[in-house]
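> Please work out how this folds:
(chains A and B)
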Amino acid sequence: MEIAIRDIKGHAGEVVTVKGWLYNRRKSGKVQFLLIRDGTLPIQAVAFLPDLDPASRDALKGLTKESSLEVTGLVNLDERAPGGAEIQVREVRLVHLADPYPIAAKEHGPDFLMDNRHLWIRSLRQSALLTVRAEVIRAAEEFLHEAGYIRFDAPILTPAACEGTTSLFEAHYLYDQKAYLSQSGQLYAEAGAMALKKVYTLGPTFRAEKSKTRRHLTEFWMLEPEIAFAGLDHITRLAEELVSHVVQAVLKRRPTELKTLERETASLEGIAPPFPKITYSDAIEILQKRGSSIAFGQDLGGEDETLLSSQFERPVIVTHYPAEIKAFYMKRDPENPGLAQCLDMLAPEGYGEIIGGSVREDDYGTLSERIEEHQLPRESFEWYLDLRRYGSVPHAGFGMGIERVVAWIAGVKHVRETIPFPRLIHRIYP
RNA sequence: UCCUCGGUAGCUCAGCUGGUAGAGCGGGUGGCUGUUAACCACUAGGUCGGCGGUUCGAGUCCGUCCCGGGGAGCCA
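Numbering: from 1, shown residues only, chains lettered A, B, ... in the order given. Predicted structure coming up:
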């Protein structure tokens, strides 16, 4: 019977078949220890050569790393085995003999690993990380679904920038038209919210930023809820509940993967609402007291974010940034028009901004002026202005960067490992 | 775009004030009945990132270009 290695302990004393790849092999005379992985977990299979039929012995001859094989044997609970269980091999069937495998069970440099990303993802660590990523997305969608949100897919090919043109990827569209890869699904999500009230977009977004840091990709995934009849309090609560649910779901469902990643989980266990909330002014004051040279009116730099988040054990929510350093569509604070009704959530441990959101300007005249001020091509935004012409309501939303959330929860330094095939400033292969 | 570090065997690296290429891992062969990145022995494997210069002689010094790491700027 074929089983997933994850379930092996439930089959003690049974003869099972596992199908997978050879992760490593140790030989000691007539005994061979095969470490086999199947995408769920690795298992050690012990082959005693004199007990095997000639075909199986042949299969083991010259076996290389990452060769694919099917192993049938008796499941033993054995203290000597890593993980407590192993398979006593009865039959080995070679599916494909791999060429000598380039990735060794040794250290490698990032350039080499990234060139071999298509193979690197087979490593136990990378597989665990990508499993955590899948769980983050699943948990987030599950939470929003339970809360009555409708998934609303935004287009990836768009007619114009919703932000600065410097970070736009341009594409050729049909009949000599131009198209741009989406920097955010938000504007479309706003249209969705006017139709379905509570929606979210989920998908890849693209920014041609020449950023070379551990927190930036040129192609990254965002989850963007957008809610009609909502204000800053509403999205603040949603953000902290969403993030808490995702963290707890990963802790509950993927403990093995977190262990493989050697993630210290004590700090994650305490992630629950409410999160600390401070204003931008508070943040500047705290940072200046801690020795930062930041001045009021400047955006928080990477170091500032790390310094600020290190003051709290939970993600910290910073609100009311100066409107000048924020986007054109953000609604100003009625009590202080210099400030925007916005929020950023900074993850602990220096993982930076994982959420950015705001209340949207819902007044036609004001939004129209902002578009002029920012010298945006008005004709591209006519449909967006329509949302303020026909039944405009207060509404708000935010974007959550999937890769940064995964990096934080999994405890990996660089976001390039949190997506199967990262796109970076100097890398589009493989 | 700027600062900084780097590019030598398939991989990770060493290579002194310039003198003609090294180790470990991986590969191959052989040995070993409990290995945990197994171990032991033998063995094959190199356009020292490219181009130009200085020199009797350049992996090493100089110039330039290319590629990458870390960071900054930039980045709802």
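
> CA only for contacts and neighbour counts going forward, please
Fine.

> where does the stretch 1-150 of chain A come near RNA strand B, residue by residue?
A:24-31, A:33, A:46, A:48, A:50, A:62-65, A:78, A:80-82, A:86, A:100-112 (Cα under 7 Å from any atom of the strand).

> For A:L339, grab the count of nearby residues.
21 (other Cα atoms under 10 Å).

> got the buried residues for whichever strand or helix holds it?
Using DSSP states H and E, A:L339 maps to strand A:336-340. Residues of strand A:336-340 classed as buried: A:339-340 (neighbour count, 16 or more other Cα atoms under 10 Å).

> Who are the packing partners of it?
strand A:332-333 (3 or more Cα pairs under 8 Å, 6 or more residues apart in numbering; DSSP states H and E).

> A:Y384 - that's part of a strand, no?
No. Using DSSP: H, G, I helix; E, B strand; the rest coil, the secondary structure at A:Y384 is helix, not a strand.

> Counting neighbours, what do you get for it?
Residues within reach of A:Y384, counting by other Cα under 10 Å, total 17.

> Just to check, A:A208 is in contact with A:Y180?
No. Under the criterion of Cα atoms under 8 Å, A:A208 makes no contact with A:Y180, lying 10.9 Å away.

> Now for those two: what residues contact both?
A:168-169 (Cα atoms under 8 Å, 6 or more residues apart in numbering).

> what's near enough to touch the residue lying closest to A:P50 once chain neighbours are set aside?
Nearest residue to A:P50, sequence neighbours excluded (Cα to Cα, 6 or more residues apart in numbering): A:K30, at 7.2 Å. Residues near A:K30 by Cα under 8 Å, 6+ apart: A:48-50.

> For the worst-scoring helix or strand of chain A on mean pLDDT, which outside residues touch it?
Least confident helix or strand of chain A, by mean pLDDT, DSSP states H and E, is strand A:170-172 with a mean of 83. The contact list for strand A:170-172, computed with Cα under 8 Å, 6+ apart, reads A:178-181.

> do the same with stretch A:119-132
A:39, A:41-42, A:103, A:113-114, A:250, A:254, A:257-258, A:260-261, A:406, A:410, A:417-420.

> Which residue of chain A lies farthest from its centroid?
What lies farthest from the middle of chain A is A:P50; by Cα atoms, centre = their mean that is 48.4 Å.

> give me phi/psi at that residue?
phi -60, psi -20 (degrees, to the nearest 10).

> Give me the pLDDT for A:G29.
Looking at A:G29, its pLDDT is 86.

> ah, wrong one, I meant A:S244
pLDDT at A:S244 comes out at 97.

> what sits against it?
A:271-273.

> Ok, A:F296 next?
A:281, A:284.

> How about A:E91?
With Cα under 8 Å, 6+ apart, A:E91 has these contacts: A:52-53, A:56, A:71-73.

> got the phi/psi numbers for the closest residue to RNA strand B within chain A?
The nearest approach of chain A to RNA strand B comes at A:S211, 2.7 Å away (Cα to the nearest atom of the strand). Main-chain torsions, A:S211, degrees, to the nearest 10: phi -90, psi 130.

> now do A:L217
phi -130, psi 160.

> Now do the closest residue to it other than its chain neighbours: how many residues are near it, please.
Closest residue to A:L217 apart from its sequence neighbours, by Cα to Cα, 6+ apart: A:L424 at 5.1 Å. Per other Cα under 10 Å, the neighbour tally for A:L424 reads 20.

> Would you mind measuring from A:L424 to A:F112?
Using Cα to Cα, to the nearest Å, A:L424 is found at 15 Å from A:F112.

> quick one: low-confidence parts of the stretch 301-430 of chain A?
Scanning the stretch 301-430 of chain A for pLDDT under 70 picks out nothing.

> which residues in it form helices?
Under the criterion DSSP state H, counting those that start in this stretch, helices of the stretch 301-430 of chain A are mapped to A:302-309, A:364-373, A:382-386, A:402-410.
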